[in-house]
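A.B. asks: no sequence for this one, just the structure:
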Ligand code: SF4
């Protein structure tokens, strides 16, 4: 079954009694929470199991995602075999030596050779390998402008923003709310830099998953009865240095990695979160 396209699609399935048994004030608020990944559909006790099944994450869906991702990675590796890697290195600000292009991913060396083989000082996760190759193959190599924008302001970002919130900003906020060392670890383990507070946030950290694609994470602490919040920003050149799919992949991948970090709270090295080689 297809995933819901928006919150209204979920809302139409609900009882609409606003009984609050799910913990939300209204059925509409619950539908929005499910769509954004803050609630699970089964938290409404008034739904029948076929509907719950329809909108629950199924293992086969996850397998499809993994399969598509692996196929895309293979496609990009093949593409890279047919380009001038030395010229690409110059365009995107990478080094080229022997037959290998190397650049920094989260502060660690990441390389591809002229045969499309990948090697790195960190574990090669598909969520970072595909954007790495996409950046080399299609990126314009524009220097960062310093203008921060949200994912939805990037070209073709609007229609994917709800999913981006669900896969990146919502889980990352959950981590920041519960794992107080998160921002210190971003700086210490992933070459991040705490910068002057942006957009009146309490904490702003900039990471470089790719040299010319910085990501800024801003966190607002809870205050005066207001809940905390977290937003992820990109330089406004991001959609020309990467496809929007790869920008999405970087955000979602980073978020997943930080969730693992929080789950293994207290581990002092990057190896504990699957980015370093073991
Ligand atoms: S429990 Fe279900 S019916 Fe009741 S408010 Fe929540 S979503 Fe609506």
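C.D. replies: It's in. Given the structure is predicted, the values throughout are model-derived calculations rather than measurements.
A.B. asks: when you work out contacts or count neighbours from here on, use the C-alpha atoms and nothing else.
C.D. replies: OK.
A.B. asks: run through this structure and note the low-pLDDT ranges.
C.D. replies: 1-5, 36-38, 56-68, 264-278 (pLDDT under 70).
A.B. asks: where do the strands of it begin and end?
C.D. replies: 95-97, 100-105, 108-113, 118-120, 148-150, 193-194, 203-210, 213-220, 229-235 (DSSP state E).
A.B. asks: if you count contacts, what does the fourth one end up packed against?
C.D. replies: Contacts of strand 118-120 with other secondary structure elements, assessed using 3 or more C-alpha pairs under 8 Å, 6 or more residues apart in numbering; DSSP states H and E, are made with strand 108-113.
A.B. asks: the ligand is nearest to which of the strands of the chain?
C.D. replies: Among the strands of the chain, the nearest to the ligand by C-alpha to the nearest ligand atom is strand 229-235 (23.2 Å).
A.B. asks: which strands and helices lie in contact with that closest one?
C.D. replies: strand 148-150, helix 170-178, strand 213-220.
A.B. asks: on that earlier part again, so which of the strands of the chain is nearest residue 11?
C.D. replies: strand 229-235 (24.6 Å; C-alpha to C-alpha).
A.B. asks: other residues contacting the closest one?
C.D. replies: Residues outside strand 229-235 that contact it (C-alpha atoms under 8 Å, 6 or more residues apart in numbering): 144-151, 169-170, 172-173, 213-222.
A.B. asks: please repeat the previous calculation with a cut-off of 6 Å.
C.D. replies: Residues external to strand 229-235 that are found in contact with it (C-alpha atoms under 6 Å, 6 or more residues apart in numbering): 147-150, 173, 215-220.
A.B. asks: which non-adjacent residue is nearest residue 46?
C.D. replies: residue 15 (6.8 Å; C-alpha to C-alpha, 6 or more residues apart in numbering).
A.B. asks: how many neighbouring residues does that neighbour have?
C.D. replies: Using other C-alpha atoms under 10 Å, the number of residues around residue 15 comes to 13.
A.B. asks: ok, residue 116 next?
C.D. replies: Per other C-alpha under 10 Å, the neighbour tally for residue 116 reads 18.
A.B. asks: shouldn't it be in contact with residue 81?
C.D. replies: Yes - between residue 116 and residue 81 there is a contact under C-alpha atoms under 6 Å: 5.4 Å.
A.B. asks: Produce a ChimeraX select command limited to the buried residues of the contacts of strand 229-235.
C.D. replies: With 16 or more other C-alpha atoms under 10 Å as the burial test, the buried ones among the contacts of strand 229-235 are selected in ChimeraX as follows:
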select :148,149,150,173,215,216,217,218,219,220
